[in-house]
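**Student:** A predicted structure for the sequence below; I have some questions about it.
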Amino acid sequence: MEKELSGVEIRALIYSPETVGDVLLFVAEDGFADYQWPCDDVKAIAEAQGFKGESGQVFSTAYLAGDTGTVRRLIVVGLGKLAELELEGVRKALSRGLDEADKLKVTSLTTAPWGWDSLALKDVARALAETAILKGYRFERYLEKKKESSLKTLQLGYEEEQEVDVLAGLKVGVTLGQSTNLARDLVNEPGNQMTPAQLAQAAQQAGEEYGFEVEVFEEKAIEELGMEAFLAVGRASVNRPRLIVMRYFGKPDKPDEVLGYVGKGITFDSGGLSLKPAGGMAGMKYDMAGSAAVIGAMSAIAREKLPLNVVAVVAACENLVSSTGYRPGDIIGSMAGKTILIESTDAEGRLTLADAVHYIIEKEKVNTVVDIATLTGAAIVALGNTTTGVVTNDQKLYEKMQAASEQCGERIWQLPSFPEYREQNKTPFADLKNTGGRPAGTVTAGLFIEAFVQDKPWIHLDIAGTASASKPRDYLAEGATGVGVRLLYHFAETFI
């Protein structure tokens, strides 16, 4: 599949008033009075228009640069109070500035040097680079007329003593922006294009380009592994399932230390015989967003050559309707040997994840498991479209994920996992049933997967609400968000 990886070009240069051209400045509310403006007239105009550096404020004007008589455009974005500034605030501020640049038809924009004591310079450079690339993303492969963004280049200026940190941050920011856009491309593809075989091919292409191994198992090999739950979900489709295994060994001297990622890969979910309502079915191409997240994360980890070992697994299939499909009331097996009563064929993701989690522990010998999935509508009811729900059996693991969340701005929230919730997944007719009922649906779905982790440290991310956006938001376009790529990358960093 042809990749788009769209976004503006990022450049770095030693800051000089003679070379910067049109400029984007960030001004803090509590530093407004002492800020060194390009000229006094600009400050006076900003004040007259009520600009105070408050968070979300944007001011733009044109001014004469020095004695050259050159007219330059200036965009100024408020940061709010420095003591409250976080990396996500920097991302949102740049996003607003880029919106203004687009209105003004700016083609090349330069940021001025920054020095906010509360944030590490390397992190700020990374946040600016990834935001610019994410903001410039368009999925226009199927449009006859494509909308061109006016901004082509964002230059990040720095002073000579800042060079090492700035260039290091920019490098990672570009990687994360492009890897997230790769995931967005995969998720935005319609179901008639993004089949299990096509998803496997996309993973192979990413592995070849970025430097990780990919092995793809077809149906016969999956049957030999005993992955009955996974195969049951895919039985109704003519597009046969694929098990995708991605391996990156950046710490070959420690082969027994392996982090495991499992992404849900339902390339289209009709609900099966427990058919979804027609109004919500078109969005079910997004049901493989977890698989796209792990492909993107593996791409970023390999590109940056992180010194750790990571294996990612995707059980890819379609959940459709036919006479060969599985039925409510069926009792099926699993790779782990547990039997499962099917109460709803629309609770299919946890079945594929159960076999994938068991596989990654038994065959790939991972020590820690993270699964990421558009698993439950209940997650949207509970947390909306801004926060990913988390269930875990290891509090220290959650703290690592929370630290990763703070780095990338992808919010997470821990849900309880009390023993009473596990009781909801029990039945007298099989070892487990595949729904715990309507109450606490996000929790019971996560705990169904927990039953297959063999007491390994495990964390479950339900991205049903965060995997897509119904309208543009900050630096995210309508459609796939690529959520999880940056989160999983920074989580991997905590194991170095």
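**Tutor:** Noted; the coordinates are in hand. Numbers count the residues shown, from 1 in each chain.
**Student:** Next, Gly74: phi, psi?
**Tutor:** Residue 74: Leu, not Gly. phi -130, psi 130 (degrees, to the nearest 10).
**Student:** Burial check on it, number of neighbours?
**Tutor:** A count of neighbours around Leu74, defined by other Cβ atoms under 10 Å, yields 21. From N, CA and C alone the C-beta is placed, and that goes for glycine too.
**Student:** ok, then the element right after the longest helix out of those in the chain?
**Tutor:** The longest helix of the chain (DSSP state H) is helix 163-188. Of the helices and strands lying after helix 163-188 in sequence (DSSP states H and E), the nearest is helix 196-210.
**Student:** What angle do helix 163-188 and that following helix make with each other?
**Tutor:** 160 degrees (axes from the mean of the first three to the mean of the last three Cα atoms, to 10 degrees).
**Student:** now stretch 316-336: how far from the chain's centre is it?
**Tutor:** Computed by Cα atoms, centre = their mean, to the nearest Å, the chain-centroid distance of stretch 316-336 equals 29 Å.
**Student:** start to end distance for that stretch?
**Tutor:** End-to-end distance of stretch 316-336 (Cα to Cα, to the nearest Å): 18 Å.
**Student:** same question, stretch 341-349
**Tutor:** Across stretch 341-349, first to last residue, Cα to Cα, it's 14 Å.
**Student:** could you give the mean pLDDT of it?
**Tutor:** For stretch 341-349, the mean per-residue pLDDT is 98.
**Student:** ok, residues contacting that stretch?
**Tutor:** Residues outside stretch 341-349 that contact it (Cβ atoms under 8 Å, 6 or more residues apart in numbering) are 232-233, 264, 266, 269, 271-276, 287, 319, 325-332, 373-375, 427, 429-430, 432-435, 445.
**Student:** buried ones in the helix or strand bottoming out on mean pLDDT in the chain?
**Tutor:** Counting by mean pLDDT, DSSP states H and E, the chain has its least confident helix or strand at helix 40-48, which shows a mean of 83. For helix 40-48, the neighbour count (16 or more other Cβ atoms under 10 Å) marks 42-43, 45-46 as buried.
**Student:** hey, where'd the strands end up in the stretch 51-200 of the chain?
**Tutor:** 58-65, 70-78, 108-111, 153-158 (DSSP state E, counting those that start in this stretch).
**Student:** got those strands as JSON lines, with mean pLDDT and distance to Leu25 columns?
**Tutor:** As requested, the strands of the stretch 51-200 of the chain are exported to JSON lines (pLDDT from 0 to 100; distance: least, Cβ to Cβ, whole Å):
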{"stretch": "strand 58-65", "mean pLDDT": "86", "distance to Leu25": "9"}
{"stretch": "strand 70-78", "mean pLDDT": "89", "distance to Leu25": "5"}
{"stretch": "strand 108-111", "mean pLDDT": "91", "distance to Leu25": "8"}
{"stretch": "strand 153-158", "mean pLDDT": "91", "distance to Leu25": "11"}
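**Student:** could the ones you listed go into TSV alongside distance to Val314?
**Tutor:** Listed next are those as TSV, based on distance: least, Cβ to Cβ, whole Å:
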stretch	distance to Val314
strand 58-65	41
strand 70-78	39
strand 108-111	38
strand 153-158	33
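**Student:** For Asp123, which of those is the nearest?
**Tutor:** strand 153-158 (13.3 Å; Cβ to Cβ).
**Student:** by contact count, what packs against that closest one?
**Tutor:** Helices and strands touching strand 153-158, by 3 or more Cβ pairs under 8 Å, 6 or more residues apart in numbering; DSSP states H and E, are strand 9-14, strand 108-111, helix 121-135, helix 163-188.
**Student:** could I have it exported to PDB, CA atoms only?
**Tutor:** Provided in PDB are the C-alpha atoms of strand 153-158 (Å, rounded to 0.1, in the frame of the first residue of the first chain):
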ATOM      1  CA  THR A 153       8.200  24.200   5.900                       C
ATOM      2  CA  LEU A 154       8.500  24.900   9.600                       C
ATOM      3  CA  GLN A 155      12.000  26.000  10.700                       C
ATOM      4  CA  LEU A 156      12.900  25.600  14.400                       C
ATOM      5  CA  GLY A 157      15.500  28.200  15.200                       C
ATOM      6  CA  TYR A 158      18.000  27.700  18.000                       C
END
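**Student:** Need the contact partners of that strand.
**Tutor:** Contacts for strand 153-158 (Cβ under 8 Å, 6+ apart): 8-16, 20-21, 107-113, 125, 128-129, 132, 166, 170.
**Student:** Could you give me the PyMOL syntax to select whichever of those residues are buried?
**Tutor:** Buried residues among the contacts of strand 153-158 (16+ other Cβ under 10 Å), as a PyMOL selection:
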select buried, resi 8+10+12+15+20+21+108+109+110+111+112+125+128+129+132+166+170
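**Student:** and Asp185, how far is that from Asn192?
**Tutor:** 16 Å (Cβ to Cβ, to the nearest Å).
**Student:** okay, the two: which has more neighbours?
**Tutor:** Asp185 (25 against 11).
**Student:** The more buried one and Phe139 touch, don't they?
**Tutor:** Yes. Taking contacts as Cβ atoms under 8 Å, Asp185 lies within contact range of Phe139: 6.6 Å.
**Student:** Name the residue closest to the centre of this structure, please.
**Tutor:** Val483 (2.2 Å; Cα atoms, centre = their mean).
**Student:** Grab the nearest non-local neighbour of that one.
**Tutor:** Thr466 (4.5 Å; Cβ to Cβ, 6 or more residues apart in numbering).
**Student:** Cross-check the contact I'm expecting between the one you found and Val390.
**Tutor:** No. With contact defined as Cβ under 8 Å, Thr466 does not reach Val390; the gap is 11.6 Å.
**Student:** which of those two has more neighbours?
**Tutor:** Between Thr466 and Val390, counted using other Cβ under 10 Å, the more crowded position is Thr466 (27 against 23).
**Student:** dump the residue contacts of that one.
**Tutor:** Contacts of Thr466 (Cβ under 8 Å, 6+ apart): 385-388, 410-411, 481, 483.
**Student:** distance of Arg96 from Lys81?
**Tutor:** 17 Å.
**Student:** out of the two, which sits in the busier spot?
**Tutor:** Arg96 (18 against 15).
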